[in-house]
Each structure stands twice: as C-alpha cells, then as structure tokens.
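Novice: dropping a prediction and its sequence here:
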Amino acid sequence: MSLTKNGCAAKYRSFSGVLLSTFLALALFAPGAAPAQEVKEIKLTDKHIQGFIAAHDDLSKLFDSSSPDNSDPKVEAQAEAIVKKNGFANLAEHDIVSINISMIMSGIDPQTKRFTEPPEQIKKEIAALKADKSVPEVQKRQIVAQLESELKNAKPIQFKENIALVLKYFDKLPPPIPEQGPAD
C-alpha cells in the first residue's frame with residue numbers, strides 16, 4: 001500500500017495532529033496486513049524530524065480541506081511541494097520518516113518518557129488482555145492468538161539512536177493515536 005496516495009492523506013485527514021501508529025503496528029506486526037519488509041527502518045536525523053514537524057501543520061490543513069477520496073492530483077502536488085519545502089526529496093521519503101518516527105513514538109510512555117521495544121509492547125498488551133475481565137473469553141482467545149502471532153514477527157528497533165532523537169523532540173511531535181481495541 002502506498003502511503004503517498006492513501007495513507008498519507010488519510011493520516012492527516014482522519015487523525016489531524018497525530019501519527020498513524022495503528023497502521024505502523026499493522027505494517028510491523030500483523031500477518032497478512034502488510035509484509036514487514038515494506039517498512040524500511042532508517043537512521044533518523046535532526047533534519048528529518050525538524051522537517052517532519054515543520055511540514056505537519058501544512059499537510060494537516062491541506063488534507064483536512066481536500067476531498068475525502070484523496071484522488072485529487074492537485075492535492076498530491078501540493079503535498080509534494082510542502083514536503084519538498086521542508087527538506088524531503090518527495091512524499092515517499094516523508095512517509096518513511098513518518099513511519100520511523102511513529103515506530104518510536106508508539107513505544108514511548110508519555111508520562112515517564114520511557115521507551116518499550118515492540119516485542120515488549122505486545123507482551124504487555126497480551127498480559128493486559130488476559131487480565132481484562134470485560135472481554136468475553138472467546139474474543140479474548142482470538143485476540144491473544146493474533147497478538148502471539150504478531151509477537152513472532154516483532155523486532156526490536158534497529159537504530160537505537162532514533163529513540164534518543166525522537167525523545168529530544170518528543171514534546172514538539174504530534175502524539176501517536178491511541179490504539180484501537182477490538183470493539184472500537
């Protein structure tokens with residue numbers, strides 16, 4: 001799936017002011033959703049994060065005011081111009097940076113500013129689900145099975161220095177969206 005045409009526009013329209021960590025979780029962990037090899041982990045730089053922050057508000061405004069089907073070539077061209085103005089070669093590069101920032105943001109506890117690796121995040125989610133008495137047992141077993149399958153594919157962050165860099169800009173970055181539960 002191309003984030004440039006579908007995900008990027010949806011990201012800023014549907015979750016104006018937040019990152020699309022749910023997509024990221026699916027791309028990284030969910031079998032059948034998007035192969036993990038499609039997520040290219042890169043070493044982030046200050047320039048990447050500063051450009052992402054600078055482009056965010058303009059992209060949000062652009063996608064909030066555009067048509068819901070995201071197919072307007074003018075909107076795509078305007079988005080391309082925004083990201084180029086903010087130091088990216090194109091929307092694809094911006095999307096890769098966005099995903100890499102989101103990978104880190106989704107693992108940071110906003111109160112403690114402590115990072116948890118993706119496999120540990122999934123383990124915590126499994127433990128919390130198993131302890132949750134409000135989820136019916138049949139549904140709980142299905143979700144736990146899915147999470148355990150995702151855990152097999154989960155990998156720690158490759159570029160550990162990205163964690164410190166994202167933490168440096170944490171208060172300036174849009175927060176990740178809250179994860180949706182099965183009933184959401």
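Specialist: Okay, I see it.
Novice: show me how far the lengthiest helix in the chain is from its chain's centre.
Specialist: Longest helix in the chain, counting residues (DSSP state H): helix 46-65. Centroid displacement of helix 46-65 relative to its chain, using CA atoms, centre = their mean, to the nearest Å, is 15 Å.
Novice: what residues of that helix count as buried?
Specialist: By 16 or more other CB atoms under 10 Å, the buried positions in helix 46-65 come out as 48-49, 51-52, 55-56, 58-60, 62-63. All C-beta atoms are positioned from the backbone trio N, CA, C, and that covers glycine.
Novice: again, but for stretch 63-76
Specialist: Neighbour counts using 16+ other CB under 10 Å place 63, 66, 70, 75-76 of stretch 63-76 among the buried residues.
Novice: identify, from these, the entry nearest to Ile96.
Specialist: Checking these against Ile96 by CB to CB gives Glu76 as the nearest, at 17.1 Å.
Novice: so which other helices or strands are in contact with the longest helix of the chain?
Specialist: With contacts defined as 3 or more CB pairs under 8 Å, 6 or more residues apart in numbering; DSSP states H and E, helix 46-65 has these neighbours: helix 8-14, helix 73-85, helix 91-105, helix 161-168.
Novice: ok, Thr116 to Ile143 distance?
Specialist: Distance of Thr116 to Ile143, computed by CB to CB, to the nearest Å: 19 Å.
Novice: with neighbour numbers in mind, choose between the two.
Specialist: Between Thr116 and Ile143, Ile143 has the larger neighbour count (other CB atoms under 10 Å), namely 18 against 14.
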